[in-house]
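> the following comprises the amino acid sequence and a computationally predicted model.
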Amino acid sequence: MPPEADPATAPPAPDAAARRRRRTGGIAALEDQKRAFLRLVSHELRTPLNSILGFSEILSAELYGPLGAPQYKEYAEIIRGSGKKLLRLVNQVLEIGRLEGVELEVGPEALEPAFESAIASSATDFVRGVRPVVVEAEELPLVLADPWGLRTVLSHLLQNAAMFSPDDGEVRLRAQVRERHVDVLVEDDGEGVDPADLPRLLLPFEQGQNALVRRTEGAGLGLAICELTCRAMGARLMLTSAPGKGMTARVRLKRA
């Protein structure tokens, strides 16, 4: 029968606080490893993509002379378009990894210039006659937001609304001022979504074919990036929709 351990010489049992610190440290280390991996993969993908985009642009522009058969120019333009889509996906995946568990620094921000910047940055997504419309409102107060985060959220919401709007439709951007907060709304007149599918739209890679009738390719990361960015700057993203009634994305921001 083994001798009993001497309580005076036995090592102290780890307390709950120490276990929590070790667990928290382990989680933080895994998060750092994940971000480092995403940065590496992003760099390795961007390097050949830059070559694909650059050379396909030279070919489609026939910079050094005609290619011959007209199909070659068409194929070069398809390669360039596909490269742009892939580059956007790479950037979105990296953005998802960077935003998880991050808190952004917020301060007083004006909405009017943020509206203008978001519309300008998403201009290439307004095709098929779809146009953005800023609904006039009263003088807007300052809100608490991160400048990059606010413009990122509005740009992604405008891009998403433009993608699913009907031909020659409009995407409305408006603000509703309340006593303690301001709601920024992005509305479209697309086919809409079953309300039961709305929570899935805020999760990375979970939009799925049943959630939205898609007009273009994509991994469904735009709304997930909006959700993570809103959380990181203390805002809230809410979606409302119904089949045949379009979608409204509401970003609730605290007043400064």
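That came through fine.
> all helices of the chain, in order?
With helices called from DSSP state H, the chain shows them at 16-60, 70-99, 111-121, 147-164, 198-201, 208-211, 222-232.
> other SSEs contacting the fourth one?
Pointing back at helix 147-164 there. With contacts defined as 3 or more Cβ pairs under 8 Å, 6 or more residues apart in numbering; DSSP states H and E, the packing partners of helix 147-164 are helix 111-121, strand 170-177, strand 181-188, helix 222-232, strand 247-254. C-beta here means a position set from N, CA and C on the backbone, and glycine is covered the same way.
> cutoff 7 Å now
helix 111-121, strand 170-177, strand 181-188, helix 222-232 (3 or more Cβ pairs under 7 Å, 6 or more residues apart in numbering; DSSP states H and E).
> ok, Leu38 touching Leu99?
No - applying Cβ atoms under 7 Å as the test, Leu38 and Leu99 come out as separate, 11.2 Å apart.
> where does pLDDT dip in the chain?
Applying pLDDT under 70 to the chain picks out residues 1-28, 30-32, 34-35, 100-101, 137, 204-220.
> OK, contacts around Pro141?
Residues in contact with Pro141, defined by Cβ atoms under 7 Å, 6 or more residues apart in numbering, are 177, 182, 255-256.
> circling back to that earlier point, so for Glu95, which of the helices and strands packed on helix 147-164 sits nearest?
helix 222-232 (5.5 Å; Cβ to Cβ).
> which other residues reach that closest one?
Helix 222-232 is contacted from outside by 92, 95-96, 99-100, 102-104, 149, 152-153, 156-157, 159-160, 201-204, 236-237, 251, using Cβ under 7 Å, 6+ apart.
> and the residue nearest the centre of the chain?
Geometric centre of the chain, nearest residue: Ile225, 2.8 Å, by Cα atoms, centre = their mean.
> and the gap between that one and Val93?
10 Å (Cβ to Cβ, to the nearest Å).
> can you give me the neighbour number for the closest residue to Val102 other than its chain neighbours?
In space, and not counting its chain neighbours, Val102 is closest to Ala232: 5.1 Å by Cβ to Cβ, 6 or more residues apart in numbering. The tally of other residues near Ala232 (other Cβ atoms under 10 Å) stands at 19.
> just Leu89 next, same as before
Around Leu89 there are 15 residues (other Cβ under 10 Å).
> and it, how close does it get to Ala161?
19 Å.
> equivalent analysis for His43, please.
32 Å.
> which of these two has more residues huddled nearby?
Neighbours per residue, other Cβ under 10 Å: of His43 and Ala161, the larger number sits with Ala161, 28 against 11.
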